[in-house]
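J.: just the structure for this:
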Amino acid sequence: MIKRWYYTGKFRPDFAEPREPGQESVWDYTRPPTMRRDSRSIRVESVLHGPIAITNQALRIAETAAPPTFYVPAEDVTLEKLVRVPGTSFCEWKGTAHYWALASEPAIAIAWDYPEPNDEYAEVKDCLAFYPGRVACFVDQEPVTPQPGEFYGGWVTRELVGPFKGSPGTEDW
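T.: Residues are numbered from 1 along each chain as shown. Have a look, this model is predicted:
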């Protein structure tokens, strides 16, 4: 674990927003992140190209201070609409991420995957995660709001309270 992280889901900071019944606080999520199957309807679509992904077999990964990210099995993604684009990033938990874009707009990455994930997150292999700020994403028909910041891909829904990592000054959350 990186020593700079003070928040690991063991306690909720004073600045955490209060929860209402049926809500989750991102400050209760752990570090390392938890991963579980989610059977809710997950839909990703493009205004110009229609549905890109539809599943009820997503993996939901939740980490302290961040909204969860949904990973859609590649078999539920219309891969013909996408192309792999240059660039990678590294997650200390999952490994090296690679990026995807709409074939018609290859300059803007809309998704990422982990072709060779670390053992603890092997289930994300052959799954794609999508940026809700770059394509329309839905959880059980609820439109998703993107997590703050350009880098992060968390999915903000009514069931969550923050504040969320991604705004200026939250780098060490």
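
J.: got any ranges where this structure has weak pLDDT?
T.: Within the chain, the stretches with pLDDT under 70 are 1-5.

J.: helices and strands around the longest strand anywhere in it, which ones?
T.: In the chain, with assignment by DSSP state E, the single longest strand is strand 82-91. Judged by 3 or more CB pairs under 8 Å, 6 or more residues apart in numbering; DSSP states H and E, strand 82-91 is in contact with strand 95-102, strand 109-113. All C-beta spots, glycine's among them, are computed from the backbone N, C-alpha and C.

J.: beta partners of the residue nearest the centre of the chain?
T.: By CA atoms, centre = their mean, the chain has its centre lying nearest to Thr69, at 2.2 Å. Beta-bridge partners of Thr69, counted by DSSP bridges, are Ile61.

J.: if I pick it, what's in contact with it?
T.: For Thr69, the contacting residues are 60-61, 129, 153-155, by CB atoms under 8 Å, 6 or more residues apart in numbering.

J.: same question, Glu142
T.: Applying CB under 8 Å, 6+ apart to Glu142 gives the contacts 157-158.
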